[in-house]
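J.: for reference, the sequence and a predicted model appear below.
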Amino acid sequence: MIAIPPIDCTSPGVLVSTNAVDATAWAVGTTYAADAVVSRAQRNWISVQAGNIGKTPGSEPLWWVDAGPINSLALFDTSVQTATTRTGGLTLTLAAGRFTAIGLMGLKGQSVTLTITDGATVIQTMTRTLSSSKGTYYSFAFEEPNQTDSVTFTGLLSSPTCQVQISIAAVGLAACGLLVIGKQFFVGRAQYGFQNPIEDRGRHYLDNLDNPVNVERGYSKGASGSVMTERVNYNRLLAFLAANIGVPLLWSASPDQADLVGANVFGRYTRAVPVIENFAYITLAFDIAGYR
C-alpha cells in the first residue's frame, strides 16, 4: 500500500493550462436572471432571484448560492463527486515540482495519458486504458464497455522544473472527479482481508403518506485492514502518521494491480495501530474514513 499526500494544485502557477471551460466571470454591472451561473473566487454561484445586479457572490446570500468549485478546479477539491468535465476529451498541464505518483478517481473516458517533460525533453510517458469489454464477442456486441474509474501512476520520474500533461481521451464526456499528485510513501504490503466499505450518504425515509422518499447524496468509500512491513520502517512510518493526522491522502492498497484499482480511497485515517510482530516485521492495522 502507498499513500500520496497531495500537492496543492490550486496555488498560483501550478495549473499551467487546461481546456476545461468555466462559467462566465461575475461582472458588477451585469443584470442576472434567476438560475444564472457565474464564477468568482474559484467558485460557481447561482442567482436565486431575477434582477440580480451589483450583488457580490459570497457576500449576498439572499442573491447568490454557492454551487461548488469552478469546472477547471473541481478535480482538485476533496470530493470525488465534484468532477471536472469536458466533451470530447480533457487535458491539463501542471507544474508541481518533484513528484513520484499521480492518482485519479471518478474517471470517465477511454484512456488516460501522462506526459512528463522538462523543457523540450520528454522524461516519461504512460497510458492506461479505461474502457474495455470482457473480451468475448457477446460482451463486445451487446454489453456496455466496462468503465475503470480509478488509476494510479507510481514510480514517476520528475524534476523541480518539470511539467506533466494529463490527457483523458473520450468520444463523449470526459470527467475526472479527483486528481492527486505528490510523493508516494510506502506504508506496507496490504494483507488479505483488506476491506473497502461503501456507505450510502443519501436520505431514505417515508413521508407523511408513507410514500418512500429517496434523496441522493452520493456515497463514500473507506478502507480498513492491515499492512506489513520491515521493522526498520517503524520509526519512519510513525513519523509519517504523526505528520498527516487529519490530512486527506490518496491511499492505494494495490497500486500495481490493474484489477484492484477500485480499492483506491481518498480520505484521512481515523485510527492506526502499529504492532511489533517479531524481530523482523511490524504490522499496521488502521481505518480510513473515505471522503464523499
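T.: Nice, I can see it.
J.: how far off centre is stretch 267-277?
T.: 23 Å (C-alpha atoms, centre = their mean, to the nearest Å).
J.: what does that stretch rub up against?
T.: 220, 222-223, 228, 231, 234, 237-238, 241, 244, 246-249, 251, 282-291 (C-beta atoms under 8 Å, 6 or more residues apart in numbering). Heads up, the C-betas are built off the backbone N, CA and C, glycines and all.
J.: 6 Å - rerun?
T.: Stretch 267-277 is contacted from outside by 241, 246, 248, 282-291, using C-beta atoms under 6 Å, 6 or more residues apart in numbering.
J.: name the member of those with the most neighbours.
T.: I288 (25 neighbours; other C-beta atoms under 10 Å).
J.: for the contacts of stretch 267-277, work out which two are farthest apart.
T.: Maximum pairwise distance in those, criterion C-beta to C-beta, is 27.7 Å, between I282 and Y291.
J.: before we move on, the earlier item: in strands only, show me the contacts of stretch 267-277.
T.: 282-290 (DSSP state E).
J.: quick revisit: out of the contacts of stretch 267-277, who's nearest F76?
T.: Distance to F76, by C-beta to C-beta, is smallest for P248 among these, at 11.9 Å.
J.: show the contacting residues for the closest one.
T.: So P248 contacts 78, 267-268, 291 (C-beta under 6 Å, 6+ apart).
J.: max-length helix in this structure?
T.: Criterion DSSP state H: the longest helix present in the chain is helix 234-243.
J.: what's the distance between it and the middle of its chain?
T.: 24 Å.
J.: only alpha carbons, please: show it as CSV.
T.: The C-alpha trace of helix 234-243 is given here as CSV (Å, rounded to 0.1, in the frame of the first residue of the first chain):
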residue,chain,number,x,y,z
TYR,A,234,8.8,1.5,12.2
ASN,A,235,10.1,5.0,13.1
ARG,A,236,9.6,6.3,9.6
LEU,A,237,6.1,5.0,9.5
LEU,A,238,5.1,6.5,12.9
ALA,A,239,6.6,9.9,11.8
PHE,A,240,4.5,9.8,8.6
LEU,A,241,1.4,9.1,10.5
ALA,A,242,2.0,11.8,13.0
ALA,A,243,2.7,14.3,10.2
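J.: so for that helix, mean pLDDT?
T.: Average pLDDT, helix 234-243: 95.
J.: and the helix or strand just after it, what does it pack against?
T.: Toward the C-terminus, helix 234-243 is succeeded by strand 249-252 as the next helix or strand (DSSP states H and E). Counting contacts by 3 or more C-beta pairs under 6 Å, 6 or more residues apart in numbering; DSSP states H and E, strand 249-252 packs against strand 2-4.
J.: hmm, who's touching the strand it packs on?
T.: Residues outside strand 2-4 that contact it (C-beta under 6 Å, 6+ apart): 101, 103, 180, 182, 184-187, 249-252, 255.
J.: in the following helix or strand past it, what's buried?
T.: Using DSSP H and E, the helix or strand that follows strand 2-4 towards the C-terminus is strand 15-18. Buried residues in strand 15-18, defined by neighbour count with 16 or more other C-beta atoms under 10 Å: 15, 18.
J.: now G88: closest residue in space that isn't a chain neighbour?
T.: Spatial nearest neighbour of G88, excluding adjacent residues (C-beta to C-beta, 6 or more residues apart in numbering): A170 at 6.7 Å.
J.: enumerate every residue touching D8.
T.: Contacts of D8 (C-beta under 6 Å, 6+ apart): none.
J.: distance-wise, check it relative to A280.
T.: 38 Å (C-beta to C-beta, to the nearest Å).
J.: ranges for the helices of the stretch 101-250 of the chain?
T.: For the stretch 101-250 of the chain, applying DSSP state H, counting those that start in this stretch gives helices covering 137-142, 234-243.
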